[in-house]
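Enquirer: using only what follows, build the 3D model:
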Amino acid sequence: MRRKGVRGVKFGIYYAYWEQEWRADYRRYVKKTAELGFDILEIAASPLPDYSDAQLYELRDMARAYGMTLTAGHGPAPDQNIASADPAVRENGRRFYLDLFRRLEKLDIHFIGGGLNGYWPVDYGAPIDKQGDWGRSVESLRALAGPAADCGVTLGIEVLNRFEGYLCNTAEEGVRFVKDVDAPNVKVMLDTFHMNIEETSMGGAIRTAGPLLGHFHVGECNRRVPGKGRMPWNEIAEALTDIGYDGNVVMEPFVRQGGQVGRDIKVWRPVDDGSEQALDREAQASLQFLKYSLLRLR
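Expert: Next up is the predicted model:
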């Protein structure tokens, strides 16, 4: 069994750093990320409805054996959009999430984050009704928060940049949305990549989220691993210290061109050298960089 996260903070990485498609054998990444020194492996929720109970429990047991915590991320499909003006679409989304929560419970996953209040990536060719979608999404999430809590699951509402979402683009909007839902297991989720585009102050955004910050994604403005760009890590560390953040810090780099991941994330040039070994080395070095950068003030 491996050691626990330093001073309460656990550090993780999203499996898709290595992948070009949204489906993968997560068992492989449990072992890999444990050996690289991470505490958390974040997986995509979209394939989970196709898993049998035996597969869910196998993944859970493997994560436990390696001392790893699993978390989940989800970019809802358009037909899972709980903010939709179409009641049938909202109902389909509700059924999807109720089933997903039970699967997360079997996996011993207690956090799922992403654009859960709508869908991703957004089709901006369609009409946008932010006010109407906000109200429908808040109502839907209020109804889903209880079943999620029954399964031990916290929901993270990710604050996305304007090119990927429209409901919550800033920490201020994320806080207002979560307060409108008013459920203890619905939290704000911030991501340094999106913050870099939208926020006037990185530290100010973190302080705005304050105790409502439930999950923190980190990455550079170029979507490389932390330490390979120009993010103000000192400012970020000071703000996280100021609010007493003691939760998960998960890096979500995207560097591989090609496949559905590359298309959705808009990776139109090779950012990595194509070598899995080089990706492993950069992830491991970035983990040490993050531990020093974010924990040195504590």
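Enquirer: is V250 in a helix, a strand, or coil?
Expert: strand (DSSP: H, G, I helix; E, B strand; the rest coil).
Enquirer: which SS class is the residue nearest to it when sequence neighbours are not counted?
Expert: Spatial nearest neighbour of V250, chain neighbours left out: G12 (4.0 Å); criterion: CB to CB, 6 or more residues apart in numbering. All C-beta spots, glycine's among them, are computed from the backbone N, C-alpha and C. Secondary structure state of G12, per three-state DSSP, is strand.
Enquirer: pretty sure G12 contacts G37?
Expert: No - applying CB atoms under 8 Å, one finds G12 not in contact with G37, separated by 10.8 Å.
Enquirer: who has more neighbours out of these two?
Expert: Relative neighbour count places G12 above the other of G12 and G37, with 25 against 14, counting by other CB atoms under 10 Å.
Enquirer: beta-bridge partners for the more buried one, please?
Expert: Under the criterion DSSP bridges, G12 forms beta bridges with I40, V250.
Enquirer: show me what contacts it?
Expert: For G12, the set of contacting residues under the criterion of CB atoms under 8 Å, 6 or more residues apart in numbering consists of T33, F38, D39, I40, L41, E42, T69, T71, N248, V249, V250, M251.
Enquirer: at 6 Å what do you get?
Expert: G12 sits next to F38, I40, E42, V250 when contact means CB atoms under 6 Å, 6 or more residues apart in numbering.
Enquirer: most neighbours among those residues, which one?
Expert: The residue in the contacts of G12 with the most neighbours, by other CB under 10 Å, is E42 (29 neighbours).
Enquirer: which secondary structure element is home to that residue?
Expert: In the assignment (DSSP states H and E), E42 maps to strand 40-44.
Enquirer: what's the angle from that strand to strand 10-14?
Expert: Using axes from the mean of the first three to the mean of the last three CA atoms, to 10 degrees, the direction of strand 40-44 lies 30 degrees away from that of strand 10-14.
Enquirer: what's strand 40-44 packed up against?
Expert: Applying 3 or more CB pairs under 6 Å, 6 or more residues apart in numbering; DSSP states H and E, one finds that strand 40-44 contacts strand 10-14, helix 26-36, strand 69-74, strand 248-251.
Enquirer: redo these as TSV? Include mean pLDDT and distance to L160.
Expert: Formatted as TSV, the entries for the helices and strands packed on strand 40-44 read as follows, by pLDDT from 0 to 100; distance: least, CB to CB, whole Å:
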stretch	mean pLDDT	distance to L160
strand 10-14	98	15
helix 26-36	98	24
strand 69-74	98	12
strand 248-251	98	16
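Enquirer: can you redo those as CSV with distance to A143?
Expert: CSV is the format used below for the helices and strands packed on strand 40-44 (distance: least, CB to CB, whole Å):
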stretch, distance to A143
strand 10-14, 28
helix 26-36, 29
strand 69-74, 18
strand 248-251, 26
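Enquirer: looking at these, which one is packed in the most?
Expert: Relative to the other members of the helices and strands packed on strand 40-44, strand 248-251 carries the highest mean neighbour count by mean count of other CB atoms under 10 Å, namely a mean of 25.
Enquirer: downstream of that strand, the next helix or strand is which one?
Expert: Counting by DSSP H and E, the element after strand 248-251 in chain order, helix or strand, is helix 259-265.
Enquirer: that next one - what's its average pLDDT?
Expert: Averaged over helix 259-265, pLDDT sits at 94.
Enquirer: now swap in stretch 81-91 and tell me
Expert: Stretch 81-91 carries an average pLDDT of 98.
Enquirer: for stretch 232-241, buried residues please.
Expert: W233, I236, A237, E238, A239, L240 (16 or more other CB atoms under 10 Å).
Enquirer: what separates the residue nearest to V250 from N248, distance-wise?
Expert: Look at G12 and N248: by CB to CB, to the nearest Å, they are 6 Å apart.
Enquirer: show me whatever sits in contact with both of those two.
Expert: In the contact map built from CB under 6 Å, 6+ apart, the residues linked to both G12 and N248 are I40.
Enquirer: for A171, find the nearest of the helices and strands packed on strand 40-44.
Expert: Checking the helices and strands packed on strand 40-44 against A171 by CB to CB gives strand 248-251 as the closest, at 16.4 Å.
Enquirer: now do the closest one: which elements does it pack against?
Expert: Applying 3+ CB pairs under 6 Å, 6+ apart, one finds that strand 248-251 makes contact with strand 10-14, strand 40-44, strand 213-218.
Enquirer: how close does E164 get to A209?
Expert: Between E164 and A209 the distance, using CB to CB, works out to 19 Å.
Enquirer: tell me which of those two has more neighbours.
Expert: A209 (24 against 20).
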